[in-house]
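**Student:** need coordinates for the following:
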Amino acid sequence: MKPELQALMDKADQSLSAAELLLKEGYGDFAASRAYYAMFYAAEALLLERGQAYSSHKAVISAFGVEFVRTAQMDPALHRALIEAQTLRQTGDYETGTPITEAEARQTIAAARSFLLAATQRLTAT
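**Tutor:** The predicted structure is shown next:
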């Protein structure tokens, strides 16, 4: 794997580990946010592998859908999970009256694990 792709996947792995630690300590909002970032970094790596780089979260999420889901190269559930995780991240990072539940954070972390596994498999297969 190219070093720049590996660096993004390392950040993704670290974000997932941080999400798990944060949830263990009872910080659901921040756990969900870190789980989202794990998926986001992996999506960036997948797109970068194709020579594509974007400057916004919305653009990365959209391009992931176009490049990998619409072309049936990756499971549409991964795109849905990325979109749902971004929504939770927005809530957890910017809203004060709507905490992320432990169940929501656990579900987002599980989705991030699946996303990273799929991304790793795809990046190491090419």
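**Student:** tell me the SS of the residue located most distally from the centre of the chain?
**Tutor:** Relative to the centre of the chain, the most outlying C-alpha is that of G97, 24.2 Å out, by CA atoms, centre = their mean. Classification of G97 using DSSP: H, G, I helix; E, B strand; the rest coil returns coil.
**Student:** that one and Q6, how far apart?
**Tutor:** 40 Å (CB to CB, to the nearest Å). The C-beta positions use only the backbone N, C-alpha and C, and glycine is treated the same way.
**Student:** go on, Q52?
**Tutor:** Q52 is 17 Å from Q6, by CB to CB.
**Student:** higher neighbour count, the two?
**Tutor:** Summary of the neighbour comparison: Q52 and Q6, criterion other CB atoms under 10 Å, with Q52 having more neighbours (15 against 12).
**Student:** any idea how far the more buried one is from V69?
**Tutor:** Counting by CB to CB - Q52 and V69 are separated by 15 Å.
**Student:** same check, this time on L117
**Tutor:** For L117 relative to V69 (CB to CB), the value is 16 Å.
**Student:** those two: which is more packed in?
**Tutor:** Per other CB under 10 Å, whichever of L117 and V69 has more neighbours is V69, with 17 against 12.
**Student:** surely the more buried one touches L78?
**Tutor:** Yes: proximity of V69 to L78 meets the contact threshold set by CB atoms under 8 Å, at 7.4 Å.
**Student:** give me the most central residue, the protein.
**Tutor:** With CA atoms, centre = their mean applied to the chain, the nearest residue to centre is M39, 1.2 Å.
**Student:** do I have it right that that residue meets E84?
**Tutor:** No: M39 is beyond contact range of E84, at 9.9 Å (criterion: CB under 8 Å).
**Student:** overlap in contacts, the two.
**Tutor:** A111 (CB atoms under 8 Å, 6 or more residues apart in numbering).
**Student:** what's the single longest helix in this protein?
**Tutor:** Taking DSSP state H as the assignment, the helix of the chain that covers the most residues is helix 102-125.
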